[in-house]
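Have a look; sequence and predicted model below, questions after that.
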Amino acid sequence: MLFLCASWGGDAAVVPSIWPLEIANVLAIAARKNRITTARRQQFLTLLQNAPITVDASSIKGVFGSITALADQHRLTLYDASYLELAMRRGLPLATLDGDMQKAAGAAGVRLL
């Protein structure tokens, strides 16, 4: 699976500001381990650059506050907590297959897709 989770805001997925780094890192590691070719990695990156995905630049502001608190409260990584915080702040549903994220979303009152 290419991305852990995202919030759905109508016409576009909404992701926290760390998402591009996470995706680029996953693809870089996959290429390094010969799981995908460099050409395929570039195809994915081009596809994602043109996809209806909105990066929420303001999510980085909560790292030392609300995101850290959510990570502690729900025993999540700060990376995962940034997705939960975004969904909560924007009132958006969360798309994830991760069991811990689903549990945290339920406890926080966030709808799942």
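Nice, thanks for sending it over. Numbers count the residues shown, from 1 in each chain.

can we go C-alpha only for contacts and neighbour counts from here?
Noted.

R41 and R32, how far apart?
Computed as C-alpha to C-alpha, to the nearest Å, the R41 to R32 distance reads 10 Å.

out of the two, which sits in the busier spot?
R41 (18 against 12; other C-alpha atoms under 10 Å).

surely the more buried one meets I29?
No. Taking contacts as C-alpha atoms under 8 Å, R41 lies outside contact range of I29: 10.1 Å.

What are the buried residues along stretch 55-66?
V55, S59, V63 (16 or more other C-alpha atoms under 10 Å).

which residues touch it?
V14, V15, P16, S17, I18, W19, T68, L78, S82, E85, L86 (C-alpha atoms under 8 Å, 6 or more residues apart in numbering).

right, and out of the buried residues of stretch 55-66, which lies closest to V110?
Distance to V110, by C-alpha to C-alpha, is smallest for S59 among the buried residues of stretch 55-66, at 16.8 Å.

Looking at the closest one now. What's its pLDDT?
Note on S59: pLDDT of 79.

Just the ones of the buried residues of stretch 55-66 in strands?
Taking DSSP state E as the definition of strands, the buried residues of stretch 55-66 contribute V55.

Let me have the buried residues of stretch 55-66 in TSV, adding distance to T96 as columns.
Formatted as TSV, these follow (distance: C-alpha to C-alpha, whole Å):
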residue	distance to T96
V55	17
S59	18
V63	21
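
Please identify which of the buried residues of stretch 55-66 is nearest to Q102.
Nearest to Q102 among the buried residues of stretch 55-66, with distances taken as C-alpha to C-alpha, is S59, at 19.8 Å.
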